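Enquirer: Let's see this in three dimensions:
(chains A and B)
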Amino acid sequence: MSVPADTLARSSQGDRIRGTAFYALLLVSITIGFLLLGVLLVDVVRKGIGYVDPTLLGEPNSSDPNEAGAGPAIRGTIYMMLLLLVMVVPLGVGTALYLEEYANRDRWYNRLLEINIQNLAAVPSIVYGILGLAFIVRGIGLGRVLLAGAVILTLLVLPTVIVASREAIRAVPDSIRQGAYALGATQWQVVWRQVLPAAIPGIATGSILALARAIGETAPLLLVGALTFVSVNPTLLGSFTALPVQIYQWIGRPQEDFRLLAAAGIIVLLAILLTMNAFAIWLRNRYQRRW
Amino acid sequence: MPDMESAAAAPVRIAGVDERVLAEREERVSSHRRDVLFDVENLRVSYAGVPALKDVSLEIYKNFITAFIGPSGCGKSTFIRCFNRMNDLIPTAAVEGTIRYHGADLYGPEVDPVEVRKRIGMVFQKPNPFPKSIYDNVAFGPRVLGWKKNLDERVERALRQAALWDEVKKRLKASAYSLSGGQQQRLCIARCLAVEPDVLLMDEPASALDPISTTAIEDLMHELKRDYTIVIVTHNMQQAARVADMTAFFSVDVDEEHDRRTGILVEYDTTPTIFTQPSDKRCEDYVTGRFG
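Expert: Residues are numbered from 1 along each chain as shown, chains lettered A, B, ... in the order given. Have a look, this model is predicted:
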């Protein structure tokens, strides 16, 4: 069949302009995002880098900006993240596995559970703070301690971990489950030896992102009593502080030097965050290579 | 294309099937003992109350290759999944009637579907290797069963049986996904063989493969029927004629009133009979290529 030559010519002027305009719009969107991030980073680093020194990393807070450090806050944040990890991953993955692999969706209580998890993910963090104050600090009488802070952050990010884990589990093709069942594997074996290992990269990524949200949370920690003048190393059942709370407090001080100290604290916070993300990526790649 | 003019005359002319192939089938079927392995009686399967397959009764013989053919939606895949109780995994599926395996009711109250699937292996339409190494794929079944001794030998034997050993022996630790589609399907067969099943169920095992890989799978089936009983679903009639000793033709029963399409077993006989002297008009139309 012969095609008239003119149909092979370029499409109309209008189409081409629209195509170019759309492409330009995409470039503008991505540029705005990157520029904002870049400006923030540069600003923070320029102001704070002078204060990132052993004093900041090791010493406790002080009323003199030149002696003030965030040592207990940094250690408090790290301990809290470890506690959080230990609590939130088993709970989140367990819930996700139940909902994806075991729950019968025809049952009303399972549907109720699903809706509630989605709703919980949208609850503002301050509400979790109030909940923590009422039920954990006072209700069960745990007091204003590190463990209480970690429990609140666990509740806060649990829905995120559940949702991310469910997506990772759902992404495991059903043909894998069928293949394993057809070989005489029990449900436990299918879940434990096929579904979970295949879902781990996704679960790890989701959990780290959830932790990254938790690490910057200030409001709920203020409510459950993170102090800013803590000179001792944090213990599970002792008073504690955390980096974002410390930064918040410094920013509120009138002296200019404390603002610079706050910028330095933000640099440390970012460094911890990036380390965690790098670890997540390393973990994911390691598992992928084993396939 | 089928020869329309001679289609009505007996024996029926089948689309693209060599008569020598059928002669071979005839020889085997007539010479081989028929020991009943599966005895299916009035089987009926429904999903959420809607029947998908009804009133199926047939016998499947030991060391035979039995093919289920028929148009789409005739319930042949549903049927093959009854033999290893894969339908149990679908919450809304209900199976009525009986399937006896070595004389025992497969759906009896004391039967554990996990035990059934250890003895009755299944190969799926699309190759579904696990996201693990070639070795770990084959070793999965034995490990699940707790067979830890001589695992290497067992894996090698299964891969040899599946005619894959020579191609993969130097890269057992490589990902199963690095294999071609045909190799992946043979890996899935090896995976089944590693648990030493009694029966191999194959649900359109070659439909996603190229002609060369298809031939490899068919050759393999001829090798395997010495030790195994094979049941295969296929929509490729030439394939059924090439490999199967017995053939069951399924069709769709349309209930206009309720707008329901239910699979039914139309005819079950030796493959040469089904392809040259079918007694049912629907079967004849199908194998001569006039329908479906």
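Enquirer: got the residue ranges for the strands in the stretch 151-292 of chain B?
Expert: Applying DSSP state E, counting those that start in this stretch to the stretch 151-292 of chain B gives strands spanning B:199-203, B:229-233, B:246-255, B:260-270.
Enquirer: The closest residue to chain A within the stretch 151-292 of chain B pairs with what?
Expert: Closest residue of the stretch 151-292 of chain B to chain A, C-beta to the nearest C-beta: B:S175 (5.1 Å). C-beta: built from backbone N, CA, C; applies to glycine. Taking DSSP bridges as the rule, B:S175 bridges to B:S133.
Enquirer: what about it, distance to A:G69?
Expert: With distances taken as C-beta to C-beta, to the nearest Å, B:S175 is found 49 Å from A:G69.
Enquirer: Flag every residue of the stretch 101-250 of chain A that's near chain B.
Expert: Contact residues (C-beta under 8 Å from any C-beta of the partner chain) of the stretch 101-250 of chain A with chain B: A:104, A:106, A:173, A:175-186, A:189, A:193-194, A:197-198.
Enquirer: Okay, now the unreliable bits of the stretch 151-292 of chain B?
Expert: B:291-292 (pLDDT under 70).
Enquirer: That should have said the stretch 1-150 of chain B, apologies.
Expert: B:1-17.
Enquirer: And A:P244, how close does it get to A:L85?
Expert: Taken as C-beta to C-beta, the span from A:P244 to A:L85 is 17 Å.
Enquirer: Between the two, tell me which one has more neighbours.
Expert: Higher neighbour count among A:P244 and A:L85: A:P244, with 22 against 18, using other C-beta atoms under 10 Å in any protein chain shown.
Enquirer: residue contacts, that one?
Expert: Residues near A:P244 by C-beta atoms under 8 Å, 6 or more residues apart in numbering or on different chains: A:T77, A:I215, A:G216, A:E217, A:T218, A:L221, A:L269.
Enquirer: switch the cut-off to 7 Å
Expert: A:G216, A:E217, A:T218, A:L269 (C-beta atoms under 7 Å, 6 or more residues apart in numbering or on different chains).
Enquirer: Angles on the backbone of the closest residue to the second one other than its chain neighbours, please.
Expert: Okay, so that is A:E217. Nearest residue to A:E217, sequence neighbours excluded (C-beta to C-beta, 6 or more residues apart in numbering or on different chains): A:S125, at 5.5 Å. Dihedral pair for A:S125: phi -70, psi -30, per degrees, to the nearest 10.
Enquirer: A:L153 is in contact with A:S125, correct?
Expert: No: applying C-beta atoms under 7 Å as the test, A:S125 and A:L153 come out as separate, 8.9 Å apart.
Enquirer: Need the overlap of contacts for these two.
Expert: What both A:S125 and A:L153 touch, as defined by C-beta under 7 Å, 6+ apart, is the set A:E217, A:P220.
Enquirer: ok now do the residue nearest to the spatial centre of chain B, which residues does it touch?
Expert: For chain B, the residue nearest the mean C-alpha position is B:I232 (1.7 Å; C-alpha atoms, centre = their mean). Neighbouring residues of B:I232 by C-beta under 7 Å, 6+ apart: B:I65, B:A67, B:M202, B:P205, B:V243, B:A244.
Enquirer: Of those - the most surrounded one?
Expert: Going by other C-beta under 10 Å, B:P205 tops the contacts of B:I232 with 29 neighbours.
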